[in-house]
Structures are given as C-alpha cells and as structure tokens.
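Peer 1: coords please:
(2 chains)
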Amino acid sequence: MDQQAKSLQWRLRQWSRGAVLLLALAVLAALFILTGLAAGYYRDKRAELAQQWFARGDRALKGGRPREAIDDLRNALSYAPDDAAYQLRLAQALAAANQLDEAETYLSDLWARQPGSGEINLELARLEARKGGGDAARYYDNAIYGVWETDPVERRWQTRLELFAYWRAHGNLGQAQAELLAMAAATPEDDYRRHSLIGQLQLASGNPRQALTQFQAALRANRRWPPALEGAGEAEFAIGDFRGAIRYLDAAVRADRGDKDVAEKLLVARLVLSDDPFAIGLDEKQRMALAAAAFDQAQAELRACAYQRGVDVEAASGENDFVRAWTQGKQLGPLLRRLRHKPENIVQVMDFVFSAENLAAARCGPLEGKDQALWLIGKQHHLAEASAGAGR
Amino acid sequence: MADRQATPSGGGQRGGGSLDALAAKAAPLLARLGRLAEALTLRESQLVLLLAVLVGLLAGLAVVCFRVLIELTRLWLLGSALAPSPLRTVLVPAVAGLAVAVLVLLVFPLARGSGVNQTKAAVYIFDGYIPFRTVIGKFITCGLAIGAGFSLGPEDPSLQMGAGIASALGRRMRFSRDKLRLLAPVGAAAGLAAAFNAPIASVLFVIEEVIGTWSAGGLGAIVLAAVSSVVVMRLFLGAQPLFRVPPYRLASPQELLGYVVLGVAGGIASLVMLKFLAYFRPRLRRLPRWTLYAQPAAAGLLIGLVGLKYPQVMGAGYVYVDQALHGQYVWQVLGILGGLKILATSLSFVSGTPGGMFAPTLFIGAMLGGAVGGFEQTYFHPLGGSVGAFALVGMGTLFAGFLRVPITSVFIGVEVSGNYSIIIPVMISNTIAYLISRRYQKLPLFDLLSLQDGIELPSLEEQREHPSLRIEQAMRPPELPVLGAEKQVEEALAAMTAANATAVLVRFPAGRWVVADRDQLERRAQGDGRGRRLADVLPRDWVPHLHPDQPLDAALGPAQARPLLPIVSRADTGKLEGVLTLDDVLGAYRRQSARGDSGSSLLVR
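Peer 2: From the prediction side, this is the model:
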C-alpha cells in the first residue's frame, strides 16, 4: 500500500512537472512574440533615430557647420555604430573641423575593414595631403583603382583631378602632367566640357601644345563652346601662332562678348601681326614707320615704368638700368632719323625697343596693349634668330 | 496505472454495461499510454538539463526586454542625443533616483544592490530561493535607474533576474533543495551571458563568484543555459559583440612593459573604488531611514552635475567604451572620464540605487587603459601600443583588480575581442592589478558587500587564500610491515608481533589493498584459517586508493573506518608511498589550526 501511495505521489509529481513544463513553454512562446515585438520596435526606433541624426549631420556639414555636424553624426553612430557611411561622414566632418587625428582614426578603422574602398582611400588621401603626410599619393592611387559604389568612372576622374592638384601643389609637374594625360585618355570624345577643362589645366601647367590638343578635341564635339574657343586662342597665343590665336579669339569674342580679357588678348594678337617691322611683305616706308612708332612706344613705356619705380630718367644719371636704357635710346635718336637712308639700322632700333620692353616687363609687371605686342614681337624675333643660328 | 484505471471501471458497473465494455476496451490503451509516459519520463538530472535550456531561453528573453527597457527609458527621459539638454541632465537622474528609492524601499526591498551577492546569498542561505517579485523589482528599478543616467550597468541585475527565473521555475517543478540550489547559478549564468553576449566569461564568473568553488556540479546545465540565452539575445538584438574591437597585434615585446604600467594603474584605481565603497556604503546605510529616500536622488543630482560637462559618465556607457577602443579620445580626456566614472559609479552604488557594477568597471578600465596607452604613446613611444589595445586590456585589468575575478577577467578580454593574441598583455596587466588590489584590500568587493550586509558567503578567493591540507602533509613513511596476499595468516601475525603493530597492510594483485587488524587475524588463526593464505581468509574490503596530492579531507572518511590507510603512487597503485591513520589526519588539522595558515611544513615524514 505504501509502495502504491509512493508510486501515485511520484506520478502526480511527474504529471505536475509536465504541466508546469507545458505552461512554461506556453509562456515562452508568448514571451517570444512579445519580445519580438518589443525588439522590433526598438530596432526600428534606433534605425529611425540614426537616420534622423545622420540627415541633420549631413545638412550641417553641407551648410559649413562641421562642429554641429560632428555632434549629430556621433548621435547617429550611437544608434548605428557599424554604419560605414555614417562613419565616413563623421570623419569628413572631423576633418572639416580640423580634428585631423580623430578623423584619421575613423578613416583608418574604416580602411582596415574596406581597404579597397575608393571613397575611404580618397578621404584618407585628402587627410594625408592636409597633414603633409607622405602617403597621400598612395591613397589617391588606391582610390583611383579602388571600388566605387556609384558612378565609378566619374569618381575616378575626379580623384585624378585632385591628385593632379596635389602633385602640382607639391611642385611635381611631371606627375601632374601624367595625371592630366591619363584624365584626357579617360575622357569620352563628346565630353567637350571635360576636354576643355583639361586644356585649361594644361595651359595653366605651361603646356600650351597639349592644351591646344584638348581644346581642339572639345571644339570637335562643340565648335561654338566659348571656353574651348578662348582656351584654344590662348594656347595658340602662348605657342606664338598669333594668326591661329586671332581665329579662335575672334570666334570666342563673337560667342561671348562680355569677356574683356579675351578682347584684350585678341587686340594684342592683332597688334603683334600688324606692328611687327620685320613682318614679310612690308615695304621700306611701312617698315620705317613701324620701327619709329615702336621706338616711341618703348621710350614712353620705359619712362613710365621708371617713374613708377621712382626714377626720373630724364633728370637722373649714373648706374641704373632705366637710365642706361634711356641713355641708349637717346643715343639712337640720330640713328632713327637716318633710318630712311640706312635701313639696316632698324635692327639696332628694334633691339633697343625689345630690351626696353623686356626691362619694363621685368620691373613693372605684365605689359598691356602695344607694349605687350612689341614684347611678344621681340620674343618671336629672338626665337627666330636663335633657331636660325642653331640651323647655321 | 492499472490501479488508476480501476476507479472508472467501478463507476461503470453502476452506470451500465456499455461503459464497462468501453472501459475494458480502453484499459489496454491507457496501460500502453502509461507505459509510454513512463518511458518518456525524464530522470531528474535530465530534467535539470532540459530546464536549463528553458531557463536560458527565458532569461535571454528577459534580458532582451531589459535592454530595450533601459534604452527606451533613456530615450524618453534624456532624449536621443548623446549629450542631453542641461535641464534634463541635472533633473532626470535626481527625480528618477527619488522614484527608484520609493520603489525599492516600499515595494521591492530585495531589489537593492547589484544582484551578484543577493544571488549568492540565495544559493548559500535560502536554498536557491529568489522571490519572483525581486525579478520584477530588479527589472523595473534598474531599468529606470540606468535609463535615467545612473552610472550602473545591466549585467549584474540580469544575472539576478536569470537566477530568479530559474528559482521560480524550479519551485514550480517541485525540485529538491539541492536542485534548487543548483538552478539559481544556472539562471545566473544565463542572465549574465545574455547581458554580456559572452557565454564563456559568464560561466566562469558564475563559477568564480556565485558558486565560489571549482567543483561545481551541474556545469553542463550552466553551459547549456548560458548558450541558450546568448542565442536568444543574438536572435533579437543581433550577433555583434558588445564592443567593436579594433584589430590587435603585439608590435614589439617592449610594449609589454607598457602593460605592466597599466596593471599598476589598474590596481590603484581598483583600490580607490574599493576603499570608497568600503568607507561610504556602511556609513550611508547607518543614516536615518528617511535619508534612504534622499540618497539616490542626491547621487542622481551629483551625477547630473558631472554630466553637464561630461555626459559620457552617465548610464552604462557602452558607446563611449566603443569610442575609447577606437582611440577617439586623447589620453587626457580618457583619464578625466575614468576618474569621473569612478566617482559617479561609487555615488550611484553607495546611495543604494539598484544596478550593476560590470559595465562601469569595463568603462573605467577602458578609459584608464586608453589614458595609460595614450600617455605612453606620447611620451614613451616604444612602450605604447595602440590606444584601443590598451583600452581593451584595461577593461580586463579593472575586472581583475576591482571585482577580483582573475580568471573571468582574462577570458572577458579574449571573448570580447575575439583575439587570442591579446591574452599575454591581459594576463600581465590583470595579474599585477589583482595582486596590488589583494595586497592593500583584504576583502574582495562582493565579500566586502556581504559582510557590510551582515552575511558571510564563501568565495573562491577565500579558498585560494586558505588552501586545504593535502594527504602528503599528514602521511607517515611506510614503516609497518606490508604483506603479500599469498602469505599465510601465521606469517602475518608473526610479522605484526615483530613490528609491534596492531594492523597490517595486505597487497593484492592489480594494486588493491586490504587492511587486516591483529584481532581479526587471531580469530582466523584460531578458527578455520590456520595454515591458509591471507587471500583466502580476508574479506575483499578494498581500501579506496588515496594519493599524496589529494586533499586531506578525502582521507577523513576512510580513516575513520580503518585503523590504517595505504597511500599509494598514482603511477603504480601497488607501490606504497606512505601510511595514514585517523590520528595523523586529526593531528595535521590541529597543527594547521594552531599555525593559522595552510601549514606548508606539516609533513610528518
């Protein structure tokens, strides 16, 4: 009987345990659902807050308020700590606020996770460039050959453009030129704006021939594109092909009349062609008249420049560039008057003109108008003589 | 089962023949079902394992809800920005402190404290009993306090909630006291594992601190519960670790010197915190009862004032630990944050606000580590590794120095980082911090808190401090005769007479031993044993194998039952290393007691 009672008690306990287990499982199921709802709400809320703070931070950064952006982006990251886009934007904000070390920490962390990311490498390159670090070029290269999620061709092109600026700022013109050539090669034929931009960069880098090629490429795609016309004119001007320059600059002026610089350059180009006493096809009389006019112009410029530098050439004497040049001009006066009888003296007269204009350009800055034209004529003349001498 | 079926059958006789027939038909089926149920019935140990999984799942869900509650409370009370508005920063912790005090003092009195000691007390004093009301109280009050910016963490309360859930379930299942005592640590491990997202460190912590002994039964159940809860937590909150840890690599062995410095700094910081708690907690608790309502509010106000300039010290601070790990603060700021967090955490805790110490300990450790790393990097470059690595090691260092759980502290660094190469710096730094803390603060934190509350609980450190005696410290050289089992009874008696011994050890084949005493042998010699071998006359009462390295406690039982015990070699159980009597055992204990230490020179030999 005792045994039976014990067995019954044991069974009752087993059944009771079974019932508790079942009840616990039911509670577990219910709790799973409730927790799922709560966790879902919590996740959604975090995601929503992350987005809100990110949007605020983004606006602040774009609005030039990096410190405000930093706080907002930090808030965003507290809800989405692994979001690479948020981290990147925070790094940008930190860099904009001049907190370069902290920005670098974020970027290095991102880089460790995505070493091939174009965007992260570009930011690191910018940071290194600002800090004067030696790794900027390496990061720029990584960015150029890295992975870009959106518009990779465009982003790589823009990155090369930055790398070009970096090399040029650091005086490495060879590397800068290489980047421009690579950019040109990566530019579609019909993208006249970009060819034109490369042309301008080439021109600014002192490569007028490469620039002309790019402007001509731009004009092939759009023959009325004023910046390309103007750029091609300037390139021709820099090369010394004034006829070509007039052709392009004239077209540019007609396309865009408001630009005074272009008009000035056009004028100078025309003067170079019209005021050159050594130009082919002039008779003696015209040649003498042009030389005389050039002499007067050079003397006037010399006097004005000397005056600007505090020297009165007519009153002063002694060892002074201006005075020496002025004295030389004075001595050429009789020579000039006998020019009709001795046309070979034109060389001496024009030598004085060129040296006077050179002196004025060196001491008083860029010349304008007729003076610039005479200076350019002189430059061309010397180049021609030098190449003739080399030919002999 | 058949008995149970008899009753309805009897009823059927009164009701009619059709019911009888139905019952007769159902009886075999019911009997089969009964047998099936019996076959499916789990043994108690199996049921504990099943329950461990259930406890783990429930604890995991509770911890997920707890974390959601803390976060939503924070959003509601302090707003979504990391730096709340000044008005909220000052007012919210103060007002929340008052509310928490009212709840704790009037509704949930057992919710006070961190939860670790309370769980340990439940295991050792209350047979694993934790009222479910305490679980609810812990959930609400800690959620409110941490969400409102008190410098406390959710891990220790999660531990207690897990233990409370396990205890409630065990009681409903009508488990024995032993099993209930086992279930509380099972739930504790589950709760802590889910809160930390670190099952290994949590299991170790529960063994080190809650159970307090390495000979823990039910380790399987503890591991199962911890794993189950972590799975649930990851299911709902994602598998990402608590902190995003930067990659670590030991660049040069010189860096290890830097970690020595960190160990010293960690030891000192731990001492500062421990001394603060040891001094202020009992004094504040002795103040008039009405002040207990005001203490959390005052602490909240002070924390709010600190938070005006450094909002990082408010709340658990995981976000900032993450930032420190990624080197996003300069070392000066890290040092300031570490110092202020010590103040804020100590204020929070001594005021009686319920909440855990784990998260603040990790925070302080990370800041301190980062500060030391940054300082070394700036001024002693070859010593400094990355600031993030120092912050990571610093977390473990404070764990070792402040919480005094050296083994957990090593594993927490490894588990949180997922990088085993960090283990060498962690071990160096933790050991130094632990030794410094132990040297200048005799009682570990949780023992200190227990004693302040008037209870004395066992701890692993206590065991380490007072290691048990070993058999080798009590045994004597084997001078007594040892006889082979093939000897005759008369030979044995002669040998005993020659040695003036009252008992003799008899060696049987396969390294088994029997103890024979003189009376027994004399009786045999006078009866049918004359001229026979010992093997034939002695009962096979094998002496359990005892070895010199075993605790002396293991010899106590066998020594009471026998006049003499053989102590044998582990390599060859037939080889005698020494002998032991009950007097030897008691003598060793007496000498240890007289010396007041482990008595390393107690060896009788």
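
Peer 1: hey, let's count contacts and neighbours off CA atoms from now on
Peer 2: Fine.

Peer 1: shaky segments in the chain?
Peer 2: Answering for chain A, as no chain was given. Along chain A, segments meeting pLDDT under 70 span A:1, A:257-258, A:316-318, A:339, A:390-392.

Peer 1: looking at chain B here, not the other one
Peer 2: Residues of chain B that meet the cut-off, pLDDT under 70, sit at B:1-19, B:33-44, B:212-217, B:382-384, B:459-467, B:596-605.

Peer 1: what about the strands in it?
Peer 2: Using DSSP state E, the strands found in chain B span residues B:482-484, B:503-508, B:512-517, B:565-568, B:576-580.

Peer 1: so which of those is nearest B:Leu451?
Peer 2: Among those, the nearest to B:Leu451 by Cα to Cα is strand B:576-580 (38.6 Å).

Peer 1: how far is the closest one from where the chain is centred?
Peer 2: Computed by Cα atoms, centre = their mean, to the nearest Å, the chain-centroid distance of strand B:576-580 equals 36 Å.

Peer 1: which residues touch A:Ala361?
Peer 2: Counting by Cα atoms under 8 Å, 6 or more residues apart in numbering or on different chains, A:Ala361 touches A:Leu367.

Peer 1: need the three-state assignment for it.
Peer 2: Secondary structure, DSSP: H, G, I helix; E, B strand; the rest coil: A:Ala361 is helix.

Peer 1: how near is it to B:Leu480?
Peer 2: 122 Å (Cα to Cα, to the nearest Å).

Peer 1: again, but for A:Arg209
Peer 2: 113 Å.

Peer 1: now do the contacts for the closest residue to chain B within chain A.
Peer 2: Minimum separation of chain A from chain B (Cα to the nearest Cα) falls at A:Arg17, amounting to 5.1 Å. If a contact means Cα under 8 Å, 6+ apart, then A:Arg17 has B:172-174 as its contacts.

Peer 1: among those residues, who's most crowded?
Peer 2: Highest neighbour count within the contacts of A:Arg17, by other Cα atoms under 10 Å in any protein chain shown: B:Met173, with 20 neighbours.

Peer 1: which strand or helix spans the residue lying closest to that residue once chain neighbours are set aside?
Peer 2: What sits nearest to B:Met173 in space, not counting adjacent residues and going by Cα to Cα, 6 or more residues apart in numbering or on different chains, is A:Arg17, at 5.1 Å. Using DSSP states H and E, A:Arg17 sits within helix A:2-62.

Peer 1: C-terminal to that helix, what's the next element?
Peer 2: Following helix A:2-62 in sequence order, the next helix or strand is helix A:66-79 (DSSP H and E).

Peer 1: now check that next one, is it near chain B?
Peer 2: Yes - looking at helix A:66-79 against chain B by Cα under 8 Å from any Cα of the partner chain, the contacts come from A:72, A:74-75, A:78.

Peer 1: next up, the contacts around the residue of chain B found nearest chain A.
Peer 2: Closest approach between chain B and chain A, counting by Cα to the nearest Cα: B:Met173, at 5.1 Å. The contact partners of B:Met173, taken as Cα under 8 Å, 6+ apart, are A:16-17, A:20-21.

Peer 1: who touches residue 248 in this structure?
Peer 2: If you meant another chain, say so; for now it's chain A. So A:Tyr248 contacts A:229-230, A:232-233 (Cα under 8 Å, 6+ apart).

Peer 1: can you look at chain B instead?
Peer 2: B:386, B:389, B:419, B:421-422.

Peer 1: among these, who's most crowded?
Peer 2: Going by other Cα under 10 Å, B:Ala389 tops the contacts of B:Tyr248 with 29 neighbours.

Peer 1: wait, it sits on B:Gly365?
Peer 2: No - B:Ala389 is not in contact with B:Gly365 according to Cα atoms under 8 Å; the separation is 11.7 Å.

Peer 1: okay, buried residues for the biggest helix by length in chain B please.
Peer 2: Scanning chain B for the longest helix, with DSSP state H as the assignment, gives helix B:44-78. Of all the residues in helix B:44-78, those buried under the rule 16 or more other Cα atoms under 10 Å in any protein chain shown are B:47-75, B:77-78.

Peer 1: do it and chain A meet?
Peer 2: Yes - using Cα under 8 Å from any Cα, helix B:44-78 reaches chain A at B:54, B:57-58, B:61, B:64-65, B:68, B:72.

Peer 1: so how far is stretch B:544-552 from its chain's centroid?
Peer 2: Computed by Cα atoms, centre = their mean, the chain-centroid distance of stretch B:544-552 equals 27 Å.

Peer 1: residues in contact with that stretch?
Peer 2: Residues contacting stretch B:544-552 (Cα under 8 Å, 6+ apart): B:468-472, B:474-475, B:554-555, B:558, B:566-570, B:573, B:577, B:585.

Peer 1: near chain A, which residues of chain B? Just list them.
Peer 2: Neighbours of chain A within chain B, by Cα under 8 Å from any Cα: B:41, B:54, B:57-58, B:61, B:64-65, B:68, B:72, B:80-82, B:172-174, B:236-237, B:246, B:319, B:326-329.

Peer 1: what about 6 Å?
Peer 2: Within chain B, the positions adjacent to chain A are B:81-82, B:173, B:328 by Cα under 6 Å from any Cα of the partner chain.
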